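**Student:** This is a predicted model, with the sequence first.
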Amino acid sequence: MSKVVPFSCKLFLVAIAIKLSTSTAYNVVDFGARGDGKTDSTSSFLKAWNAACNSVVPAAVMVVPKGTFLVKSISFTGPCKSNMKLLIHGTLIAPNDYRFLGSNEFWIMFYRVNGLSIFGGTIDAKGSSLWSCKSGGNNCPYGARSISFQSCNNVLVSGLKSFNSQRVHISINGCWNMFLQKMKIVAPSRSPNTDGIHIESSTGITISNSNIGTGDDCISIGPGSMKLRMDKISCGPGHGISIGSLGRNTREHGVQDVNVTNSIFEKTENGVRVKSWPRASDGYAKNLLFKNLVMKNVSNPIIIDQDYCPHQSCSPKNSGVTVSQVRFESIRGTSWSQKAVTLRCSSTNPCRGIELKNIDLTYINHLKKPTLSDCENARGFCAGFVFPKGCL
């Protein structure tokens with residue numbers, strides 16, 4: 001099992017502190033923004049960003065002071081002439097009318113920024129009106145991601161709070177070397193597609209010491225991602241931490257070297273999950289570690305599902321995604337469903353190298369029905385104490 005080397009946050013913070021001694025601050029209020037919750041401050045934010053981004057000082061600082069700032073869809077684009085720091089003391093809100101954002105891919109975008117630090121702040125996308133539109137079966141826009149990082153490198157996000165995204169709260173795509181910590185991400189359990197953090201085609205991403213509760217995956221990991229570390233995550237409500245779905249496309253990059261450790265899942269639909277579509281694909285998921293996890297009334301604490309078909313409209317085929325070298329270790333707690341462990345792998349491409357070690361999961365109604373494990377086409381072994389009894 002390969003090990004993921006975590007990003008050194010301490011060194012990054014020291015470097016930031018040194019550069020701040022020669023930094024210049026750009027306050028959005030000085031560019032016309034008003035923190036009254038009513039005035040459109042989009043253009044003022046963009047002017048402040050452009051001024052800071054084009055500054056030649058070693059470290060430019062964009063400041064959002066206390067107040068509530070109305071911001072529409074906006075893109076903060078690099079590369080910048082110096083490292084950027086964004087200090088958010090106030091709150092950013094989206095327009096009440098979901099149509100201002102709903103047809104856009106994003107609300108706030110960071111594009112091609114290298115050397116970015118974001119500290120503090122609260123953002124509220126006010127997604128409830130769009131969720132209501134969708135639940136009513138109306139013709140609604142797809143919805144915007146709250147924050148998107150596209151092709152960004154060397155990024156630190158600390159202490160950010162995100163509420164009520166129309167869709168995914170934080171999207172990371174094509175990025176390298178990011179550290180996210182002390183995050184709080186919140187949406188109601190019935191809000192559709194409101195993943196906390198989605199990672200795709202990215203390398204060296206660390207998420208730690210964060211609380212995530214949404215209507216979809218707390219963290220989801222898409223194709224082309226590697227060297228990911230998630231530590232001390234509090235997940236719930238939501239669908240757990242998921243690798244996938246994979247295998248949507250015939251030609252697809254894989255996922256590898258992912259560690260999920262020291263985390264708690266409470267009343268989630270899943271705990272830790274690997275999922276792939278039942279169709280031909282050259283995708284893969286390998287070198288995965290799920291360790292030191294606590295499950296509290298979780299429906300599917302441990303699950304590999306290679307027959308993932310959420311709308312039940314898939315043709316009866318087998319998944320071509322290769323799942324291998326997956327270790328579930330020191331996972332304990334309670335299962336809401338009778339099957340605490342489900343390993344449902346492809347009949348034509350069985351899972352290999354699956355390890356269950358020191359597992360202690362109990363069905364909440366175990367006095368009436370036994371706790372079960374269910375394996376299909378999964379090959380591996382058990383070590384230490386394993387309950388329910390391993391089916392490998």
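**Tutor:** Arrived safely.
**Student:** and Trp277, how many neighbours does it have?
**Tutor:** Neighbours of Trp277 under the rule other Cβ atoms under 10 Å: 24. Every C-beta, even on glycine, is put in place using the N, C-alpha and C of the backbone.
**Student:** Identify the residues contacting it.
**Tutor:** 245-248, 308-309, 314, 319, 321 (Cβ atoms under 8 Å, 6 or more residues apart in numbering).
**Student:** Likewise for Ser220?
**Tutor:** 195, 197-199, 241-242, 244.
**Student:** before we move on, what about Leu343?
**Tutor:** Counting by Cβ under 8 Å, 6+ apart, Leu343 touches 302-304, 351, 354, 373-376, 378, 391-392.
**Student:** Taking these, please make a ChimeraX selection of just the buried ones.
**Tutor:** Buried subset of the contacts of Leu343, written as a ChimeraX selection, criterion 16 or more other Cβ atoms under 10 Å:
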select :302,303,304,351,354,373,375,376,378,391,392
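**Student:** for the contacts of Leu343, which one is nearest Gly90?
**Tutor:** If you rank the contacts of Leu343 by distance to Gly90 using Cβ to Cβ, Ile303 comes first, at 40.7 Å.
**Student:** What helix or strand is that closest one located in?
**Tutor:** In this assignment (DSSP states H and E), Ile303 forms part of strand 300-305.
**Student:** mind listing what that strand pairs with, with the direction of each?
**Tutor:** strand 270-276 (parallel), strand 339-344 (parallel) (DSSP bridges).
**Student:** What's opposite His198 in the beta bridge?
**Tutor:** Residues in beta-bridge contact with His198 (DSSP bridges): Ser171, Ser220.
**Student:** Just give the number of residues close to it.
**Tutor:** 23.
**Student:** Show residues contacting the strand holding Ile303.
**Tutor:** 240, 265, 269-276, 290, 295, 323, 326, 328, 331, 333, 335, 337, 339-345, 351, 354, 356, 359, 361, 378.
**Student:** coming back round to it: now the contacts of Trp277: which count as buried?
**Tutor:** Burial by neighbour count, 16+ other Cβ under 10 Å: within the contacts of Trp277 this picks out 245-248, 308, 319, 321.
**Student:** of all those, which comes closest to Val255?
**Tutor:** Distances from Val255 to those, taken by Cβ to Cβ, are shortest for Leu246, at 6.8 Å.
**Student:** neighbours around the closest residue in space to that closest one that isn't next to it in sequence, how many?
**Tutor:** Of all residues not flanking Leu246 in the chain, Ser276 sits nearest, at 4.3 Å (Cβ to Cβ, 6 or more residues apart in numbering). Ser276 has 29 neighbours, counted by other Cβ under 10 Å.
**Student:** same question, the one 3 residues further on
**Tutor:** Counted with other Cβ under 10 Å, the burial measure for Arg279 works out to 17 neighbours.
**Student:** Test my guess that it contacts Glu252.
**Tutor:** No - with contact defined as Cβ atoms under 8 Å, Arg279 does not count as touching Glu252 (10.6 Å).
**Student:** Mind putting the contacts of Trp277 into CSV with pLDDT and distance to Tyr98?
**Tutor:** CSV is the format used below for the contacts of Trp277 (pLDDT from 0 to 100; distance: Cβ to Cβ, whole Å):
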residue, pLDDT, distance to Tyr98
Ser245, 95, 26
Leu246, 97, 31
Gly247, 93, 32
Arg248, 91, 27
Tyr308, 93, 29
Cys309, 89, 29
Cys314, 80, 31
Ser319, 94, 36
Val321, 96, 35
